[in-house]
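[1] fold the following.
(one chain, ligands or ions: 1)
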Amino acid sequence: MKHFEANFDGLVGPTHNYAGLSFGNVASFSNAAQTSNPKAAAKQGLQKAKSLADLGMVQGVLAPQERPDLYTLRRIGFSGSDAEVLQKAVQQAPALLNACCSASSMWTANAATVSPSADTRDGKVHFTPANLVDKLHRSIEPVTTGHILQATFNNDRHFKHHQHLPEHASFGDEGAANHTRLCAEYGHTGVELFVYGQTATNPNAPKPKKYPARQTLEASQAVARLHQLEDESCVFMQQNPDVIDQGVFHNDVISVGNQNVLFYHEQAFLNTEAKFDEICRKMNTEMHFVKVATSQVSIDDAVRSYLFNTQIITLPSGEMAIIAPTNCQENPAVYAYLNELVTLGTPIKKVHYYDVKQSMQNGGGPACLRLRVAMNEQEVAAVNQNTLMNDGLFTRLNTWVDKHYRDQLTVSDLADPQLIIESRTALDELTQILKLGSVYQFQR
Ligand SMILES: N=C(N)NCCC[C@H](NC(=O)CCC(=O)O)C(=O)O
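    From the prediction side, this is the model:
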């Protein structure tokens, strides 16, 4: 049976804006209050997704969330008509209004952790939506994320959907951004590498001093239990707290893997050697650890360019390619490194660059925008086929964006009641295009 690694990219929602909501995420803070372009953002994302489909990859899309989130605003005491709720919120608590308007669900690497059927005891693909408790604007995503995942992977025989972990800092879970699956072939049992930022139950264990460590060991272990993974298929490794303090808020900002390749910065982890030995012991194939030294690329350059927030994909030819943001071309050290990398005799042979700057300005690179789901042919056939990218869907979604999205949005526009109507009209139409049913609260 054939096996694939599918990428499901998050569609950028109509309220994409720069509100400076993510402490510890350098781009989010430094671009706060800039004017965004939701239409361009959505189109950049669609172009990246379509290009991967054109390269022969299985590519899907995940629907965005409903924003402004009036349900959360009402839950915290703002009342009256929808317009009144927005008005009161902007006057009394503008920061809370901003948190309820983010299009952050576009970064589907944070939607969930996914374990392919080859790794799980019941032979199903398991999904656990990430609770994202570290950031208020993201903590309101998991319930709807669960609905969207169930409508996209809507087959009980092949897909097992779990509830997100308890909403407490001890179980801080950021999903696939802190999880990498290593394997020989996508259909073979692999090693699931869980990278955490801190151990919540041990106050004396290493942790960052300045910025939050969003992922806990306790969360990673809970996901591994839920997904019915064998101990022999799991490695739990700690992210270097010093790099979190330099803006590496997720592990996918400092390392990325694909099959038997792990591409990483030398400062990415703690206890690197011992943990890499454990990975080698648990893998049934040779590993390629592709290390980038600080002398080649500094942490600062890695964070600015998102060298490691690239996607490493295996093309139908069997060769690996890197999908990088154009920001990597614009950084001399990183561009020189990538030009050299493809000559080094590693499995990575080519680099493709895409402009995803609208997302990058909020700290979301190509890898943030996608959720990986390794599947066999039968599982791919069981996916909601209307979510899979092809020429027809690409055209329909571009037309849909043109019709509903603004080309300018500032934080002060978030209190505009018209945005509620625009957003709901767009999402209602999208659920028809993708045949998702009623995944949004306004439809229930
Ligand atoms: N690395 C991965 N996988 N994902 C990137 C997520 C970026 C996101 N930015 C934001 O949420 C910024 C929103 C704002 O400031 O308006 C975050 O920090 O959670």
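[2] check the secondary structure at Asn309 for me.
    Under the three-state scheme (DSSP: H, G, I helix; E, B strand; the rest coil), the conformation of Asn309 reads as coil.
[3] does it touch Gly365 like I think?
    Yes. Under the criterion of Cβ atoms under 8 Å, Asn309 lies in contact with Gly365, with a separation of 3.2 Å. Placement of C-beta: from N, CA and C, glycine included.
[4] quickly list what's touching both of those two.
    253, 325 (Cβ atoms under 8 Å, 6 or more residues apart in numbering).
[5] what's the burial count for Ala95?
    For Ala95, the number of neighbouring residues by other Cβ atoms under 10 Å comes to 12.
[6] can you pull the contacts of it?
    Under the contact definition (Cβ under 8 Å, 6+ apart), no residues are listed for Ala95.
[7] if you set the cut-off to 10 Å instead, what comes out?
    Neighbouring residues of Ala95 by Cβ atoms under 10 Å, 6 or more residues apart in numbering: 19-21, 89, 136-137.
[8] enumerate the residues of this structure near the ligand.
    Residues of the chain lying close to the ligand (Cβ under 6 Å from any ligand atom) are 18-22, 25, 28, 102, 104, 107, 109-110, 135, 138, 177, 250, 252-253, 362-364, 368.
[9] which stretches of the stretch 51-200 of the chain form strands?
    59-62, 112-115, 125-129, 159-161, 179-182, 191-196 (DSSP state E, counting those that start in this stretch).
[10] tell me which of those strands is the most buried.
    For these, ranked by mean neighbour count under the definition mean count of other Cβ atoms under 10 Å, the leader is strand 112-115 at a mean of 28.
[11] any regions of the chain where pLDDT drops low?
    Counting by pLDDT under 70, the chain has no low-confidence residues at all.
[12] now do the contacts for the most centrally placed residue in it.
    The residue lying closest to the centre of the chain (Cα atoms, centre = their mean) is Ala109, at 1.6 Å. Residues counted as contacts of Ala109 (Cβ under 10 Å, 6+ apart) are 7, 9-10, 130, 174-179, 250, 252, 309, 311, 364-372.
[13] verify the stated contact: Thr272 with Val195.
    No. Shown here, Thr272 and Val195 do not form a contact pair, counting by Cβ atoms under 10 Å, at 11.5 Å.
[14] which residues do the two both contact?
    Met237.
[15] and the spatially closest residue to Thr425 that is not a sequence neighbour, backbone torsions?
    Distances taken as Cβ to Cβ, 6 or more residues apart in numbering put His404 closest to Thr425, at 6.5 Å, once the chain neighbours are dropped. In this entry, His404 is assigned phi and psi values of phi -110, psi -20 (degrees, to the nearest 10).
[16] name the element Phe8 belongs to?
    Phe8 belongs to strand 3-10 when elements are defined using DSSP states H and E.
[17] er, Tyr353 actually
    Here Tyr353, judged by DSSP H and E, is contained in strand 348-354.
[18] give the contact list for the residue of the chain positioned farthest from its centre.
    With Cα atoms, centre = their mean as the measure, the chain has its most outlying C-alpha, relative to the mean C-alpha position, at Gly80: 35.0 Å. Gly80 makes contacts with 74, 86-88, as judged by Cβ under 10 Å, 6+ apart.
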